[in-house]
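Student: Make a model of this:
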Amino acid sequence: MKALHSISFILVIIGGLNWLLVGVAGMDVGNLFGGQGAIVSRVIYVLVGLSAIYLVATHKSSCKNCESTSSTAV
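Tutor: Got it, this is the predicted structure:
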């Protein structure tokens, strides 16, 4: 499960950086793989989306910061 979490986390980071590039520079990383309609780009987009869903669904059980039972208010 740790490997799946790590891969999902990396894919979500890649997706986030892609959106940063789209917003700042108007450049989509998917264009490097033939545009949004290309099979490779679509597979990458689907994997990033599935990774986000996986991380949202398993966040409480796999997040070290959320595991602590004591409340440490700052």
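Student: I'd like the distance between the residue nearest to the spatial centre of the chain and T58.
Tutor: Against the mean C-alpha coordinate of the chain, by CA atoms, centre = their mean, the closest residue is V12 at 1.0 Å. Look at V12 and T58: by CB to CB, to the nearest Å, they are 12 Å apart. (C-beta placed from N, C-alpha, C; glycine too.)
Student: and the helix or strand where G16 lies, average pLDDT?
Tutor: Using DSSP states H and E, G16 falls within helix 2-25. For helix 2-25, mean pLDDT is 91.
Student: That helix: which residues count as buried?
Tutor: H5, S8, L11, V12, G15, N18 (16 or more other CB atoms under 10 Å).
Student: Next: stretch 24-31.
Tutor: G30.
Student: what residues does it touch?
Tutor: By CB atoms under 8 Å, 6 or more residues apart in numbering, the list of residues contacting stretch 24-31 from outside reads I14, L17, N18, L21, V22, Q36, A38, S41, I44, Y45.
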